[in-house]
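J.: Below are the sequence and a predicted model; questions follow.
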Amino acid sequence: MIEIMNKLNEEYKMAYNRIYLLEKAGLTNVFQHILDNRDFYDILFSEKIPTKFTSLFIQHYMQLPKEIISKTVRSEIDYELYYTFCASATIGVINHWRKTGYAKSPLEMSTQTITFFSNEL
């Protein structure tokens, strides 16, 4: 598990600048990582796993995005509340992708996710 999580951090670090610039493909490598390790993520997001493990994953998974969010959030927005919203939404998107059998490509998932968090809706 630690090895997979460390690899996820590496993928996020590579995606950092692309995400910050809101490049649509910025998260493709992160979604590819999830797809490549789908057995792990299927177990992690299974209803049979205690929520404690999912919570630990969210804390770990969202560290780098938290840095990105902190640079883009306007001063009148409650940063922690917005961060919680973004983390929950992202985990929801990943879980939906998992439940639909990873039907969309990592590029499609990246494009959709970046669009959700941009002002283009």
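T.: Arrived safely, thanks for sending.
J.: So for Phe53, what's the nearest residue that isn't a sequence neighbour?
T.: Sequence neighbours aside, Leu44 is the residue nearest to Phe53 in space, at 6.5 Å (criterion: CB to CB, 6 or more residues apart in numbering). Bear in mind the C-beta positions are built from the backbone N, C-alpha and C, glycine included.
J.: so who does that neighbour touch?
T.: 53-54, 57 (CB atoms under 8 Å, 6 or more residues apart in numbering).
J.: Repeat the analysis, applying 10 Å as the threshold.
T.: Taking CB atoms under 10 Å, 6 or more residues apart in numbering as the contact definition, Leu44 lies against 1, 4, 37, 53-54, 56-57, 61, 94-95, 98.
J.: Kindly report the same for Phe116.
T.: Counting by CB under 10 Å, 6+ apart, Phe116 touches 86, 89-90, 93.
J.: Give me the distance between it and Phe85.
T.: The gap separating Phe116 from Phe85 is 11 Å, by CB to CB, to the nearest Å.
J.: do His96 as well
T.: In terms of CB to CB, His96 sits 16 Å off from Phe85.
J.: got it, and Asp78?
T.: For Asp78, the distance to Phe85 - CB to CB - is 10 Å.
J.: Neighbour count for these two, which is higher?
T.: Using other CB atoms under 10 Å, the more surrounded residue of Asp78 and Phe85 is Phe85, with 13 against 10.
J.: which SSE is the more buried one in?
T.: Secondary structure from DSSP states H and E places Phe85 in helix 79-99.
J.: Dump the C-alpha coordinates for that helix into PDB.
T.: Extracted as PDB, the C-alpha positions of helix 79-99 are listed here (Å, rounded to 0.1, in the frame of the first residue of the first chain):
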ATOM      1  CA  TYR A  79     -10.100  27.600   2.500                       C
ATOM      2  CA  GLU A  80     -10.700  24.600   4.700                       C
ATOM      3  CA  LEU A  81     -14.300  24.300   3.700                       C
ATOM      4  CA  TYR A  82     -13.400  24.600   0.000                       C
ATOM      5  CA  TYR A  83     -10.600  22.100   0.400                       C
ATOM      6  CA  THR A  84     -13.000  19.600   2.000                       C
ATOM      7  CA  PHE A  85     -15.400  20.200  -0.900                       C
ATOM      8  CA  CYS A  86     -12.700  19.600  -3.500                       C
ATOM      9  CA  ALA A  87     -11.400  16.500  -1.800                       C
ATOM     10  CA  SER A  88     -14.900  15.000  -1.500                       C
ATOM     11  CA  ALA A  89     -15.700  15.800  -5.100                       C
ATOM     12  CA  THR A  90     -12.500  14.300  -6.400                       C
ATOM     13  CA  ILE A  91     -12.900  11.100  -4.400                       C
ATOM     14  CA  GLY A  92     -16.500  11.000  -5.600                       C
ATOM     15  CA  VAL A  93     -15.300  11.300  -9.200                       C
ATOM     16  CA  ILE A  94     -12.800   8.500  -8.700                       C
ATOM     17  CA  ASN A  95     -15.300   6.300  -7.000                       C
ATOM     18  CA  HIS A  96     -17.800   6.900  -9.800                       C
ATOM     19  CA  TRP A  97     -15.200   6.000 -12.400                       C
ATOM     20  CA  ARG A  98     -14.400   2.800 -10.500                       C
ATOM     21  CA  LYS A  99     -18.100   1.900 -10.300                       C
END
